[in-house]
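**Student:** model the following, please.
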Amino acid sequence: MNKSVNYLLVTQFATAFADRAIFFILFVIIGKFDNLPGWYTPLLQLAFILAFVLFAPWAGTYSDGRPKRKVLLHGNIIKLTGLGILFLYAIPGMTQWVILTGYFVIGFGAVMFSPAKYGLIPELVPEEKLVKVNAWLEASTIVAVLAGQYIGASLGEFNVNLALIIAAVIYGVSTLLVFGIKITPVEHKPQKSFLKNFVYDFRELMKHHVVRFALLGVSLFWSVATILQVLLLEWSKTAINLTEASDISVLGIFIGVGIIIGSAIVPSFISLHNLRRTRFAAYCLGGFVILLSQLHSLYPVYIVLILAGISGGILVVPINAALEEVGHQTIGSGGAVAVQRFSENISMLFSLLVYTAIFAMGVSANTIMFSMGIVILILTALIGLNLPHRDTELLEDEI
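**Tutor:** Coordinates of the predicted model:
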């Protein structure tokens, strides 16, 4: 890999670490306030996702209209601003609003960061290396998320203010690392307003059967991942008797290890031209979620979480690569990633709203998990109906 790709991987690692650490630091803060209800945690995740839904149409146009290295810098600066707001959490009567506002602003920074980081990949590497580099990006991101959630929870339990300061330093380091990425030319500068451009990009991409499948598949994956993030926080308390935030955060490590394994092995048997194979990974994911809901012993839970992570890694890596390549060759990689992120986050927002409503009604976490596994199987079968009956070239259809 070239030097710019290495800097991109390290920059993404640092910002993903801080993003996830902050969520678990806030989880610790929430636990210290008795007046915050149990459904406040998924509401916090909703604030982050809402930023993607609101700003994704604009972010793709913004990313494609200027060198993506600059966009990465802007994203990190916005994240630092959101983190600054979080330091006001101790003001009496403002805690819940400060937390939601600060995390929403951090989500806004992530909206800008996302199309730029994924859009850079096809600008830095040839098509035949896209799946491999995406595998590295996903694997490094997962390692960062896992380390971030455990260290964030542990530091938060030790000293919340110190934990937030360390997160700010890491964002600062990520910002400095961006300067190691070369400035790439603007290849698909938008000619319309951001909203018209987004609608045009969405329509053009949806003409392609591979993109339709990829958007549905990746939306399913991230909806499941988002619900699991908050569901495990509650499920682990009753199913396997975990109470400390640092102990609960360890569960995510096993999912992440699985995703890393899945990301590492997927280039060997799935390419951009046979994405239909990824549906088998989605079926496995649904089955493992159902199995997880029936377990009450820690070590079997670890094994199933690893297997679920492997399925998720196999599902999402080639789909990301396909969307990047189609976008790079047609409407622009930033626009394609913005459409992808909008689709993902609409699905995630809807899923979290449903989960929050069901949880607030008193339905057990175990029942929710079992039901989610069934839903994954049904949705995978429906998504599979959109697939062609044979493997095809990535750009065989005209867009």
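
**Student:** how distant is the lowest-mean-pLDDT helix or strand in the chain from the center of its chain?
**Tutor:** Lowest on mean pLDDT, DSSP states H and E among the helices and strands of the chain sits helix 194-206, with a mean of 74. In terms of Cα atoms, centre = their mean, to the nearest Å, the centre of helix 194-206 is set 22 Å apart from its chain centre.

**Student:** list the buried residues of that helix.
**Tutor:** Applying a neighbour-count criterion of 16 or more other Cβ atoms under 10 Å, one finds 194, 197, 198, 201, 202, 204, 205 buried in helix 194-206. Using the backbone N, CA and C atoms, a C-beta is placed for each residue, glycine as well.

**Student:** helices and strands around it, which ones?
**Tutor:** helix 40-64, helix 209-239, helix 333-360 (3 or more Cβ pairs under 8 Å, 6 or more residues apart in numbering; DSSP states H and E).

**Student:** try 10 Å this time
**Tutor:** Judged by 3 or more Cβ pairs under 10 Å, 6 or more residues apart in numbering; DSSP states H and E, the packing partners of helix 194-206 are helix 40-64, helix 209-239, helix 298-329, helix 333-360.

**Student:** pLDDT of the shortest one, averaged?
**Tutor:** Across helix 40-64, pLDDT averages out at 79.

**Student:** what angle sits between whichever helix or strand comes after it and helix 40-64?
**Tutor:** For helix 40-64, the following helix or strand on the C-terminal side (DSSP states H and E) is helix 68-86. Inter-element angle recorded for helix 68-86 and helix 40-64: 150 degrees (by axes from the mean of the first three to the mean of the last three Cα atoms, to 10 degrees).

**Student:** for the remainder of this discussion, apply numbering that starts at 22.
**Tutor:** With the count now opening at 22, the last piece we talked about shows up as helix 89-107.

**Student:** starting at the chain centroid, how far to the helix or strand just after helix 89-107?
**Tutor:** Using DSSP H and E, the helix or strand that follows helix 89-107 towards the C-terminus is helix 116-145. Computed by Cα atoms, centre = their mean, the chain-centroid distance of helix 116-145 equals 10 Å.

**Student:** dump the buried residues of helix 215-227 to TSV, plus distance to residue 51.
**Tutor:** Below are the buried residues of helix 215-227 laid out as TSV (distance: Cβ to Cβ, whole Å):
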residue	distance to residue 51
215	35
218	38
219	34
222	37
223	36
225	42
226	38
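
**Student:** which single one of those is nearest to residue 241?
**Tutor:** Closest to residue 241 out of the buried residues of helix 215-227 is residue 226 (17.3 Å), distances taken as Cβ to Cβ.

**Student:** how close does that closest one sit to residue 64?
**Tutor:** Here residue 226 is placed at a distance of 31 Å from residue 64 (Cβ to Cβ, to the nearest Å).

**Student:** so where's the stretch 122-271 of the chain uncertain?
**Tutor:** Low-confidence segments of the stretch 122-271 of the chain (pLDDT under 70): 148-149, 206-215.

**Student:** same thing but at 90, please
**Tutor:** Under the criterion pLDDT under 90, the flagged ranges of the stretch 122-271 of the chain are 131-171, 173-175, 177-179, 181, 199-271.

**Student:** next one: the stretch 272-420 of the chain
**Tutor:** 272-303, 316-320, 330, 333-387, 393, 396-397, 400-420.

**Student:** how about 80 then?
**Tutor:** Scanning the stretch 272-420 of the chain for pLDDT under 80 picks out 273, 284-285, 287-300, 338-363, 366, 381, 404-420.

**Student:** most remote residue from the chain's center?
**Tutor:** residue 113 (32.4 Å; Cα atoms, centre = their mean).

**Student:** could you dump stretch 175-190 to PDB, C-alpha only?
**Tutor:** What follows is stretch 175-190, C-alpha atoms only, in PDB (Å, rounded to 0.1, in the frame of the first residue of the first chain):
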ATOM      1  CA  SER A 175     -12.700   2.100  31.700                       C
ATOM      2  CA  LEU A 176     -11.500   5.700  31.700                       C
ATOM      3  CA  GLY A 177     -15.000   6.900  32.100                       C
ATOM      4  CA  GLU A 178     -15.400   4.800  35.300                       C
ATOM      5  CA  PHE A 179     -12.100   6.200  36.500                       C
ATOM      6  CA  ASN A 180     -12.500   9.900  35.600                       C
ATOM      7  CA  VAL A 181     -15.000  11.200  33.100                       C
ATOM      8  CA  ASN A 182     -13.200  14.600  32.500                       C
ATOM      9  CA  LEU A 183      -9.900  12.900  31.900                       C
ATOM     10  CA  ALA A 184     -11.500  10.500  29.500                       C
ATOM     11  CA  LEU A 185     -13.000  13.400  27.500                       C
ATOM     12  CA  ILE A 186      -9.700  15.200  27.400                       C
ATOM     13  CA  ILE A 187      -7.900  12.100  26.100                       C
ATOM     14  CA  ALA A 188     -10.600  11.800  23.400                       C
ATOM     15  CA  ALA A 189      -9.900  15.400  22.400                       C
ATOM     16  CA  VAL A 190      -6.200  14.700  22.100                       C
END
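
**Student:** and whichever strand or helix holds residue 44, what does it pack against?
**Tutor:** Using DSSP H and E, residue 44 sits in helix 24-52. Judged by 3+ Cβ pairs under 10 Å, 6+ apart, helix 24-52 is in contact with helix 61-85, helix 89-107, helix 116-145, helix 151-179, helix 181-198, helix 230-260, helix 266-286.
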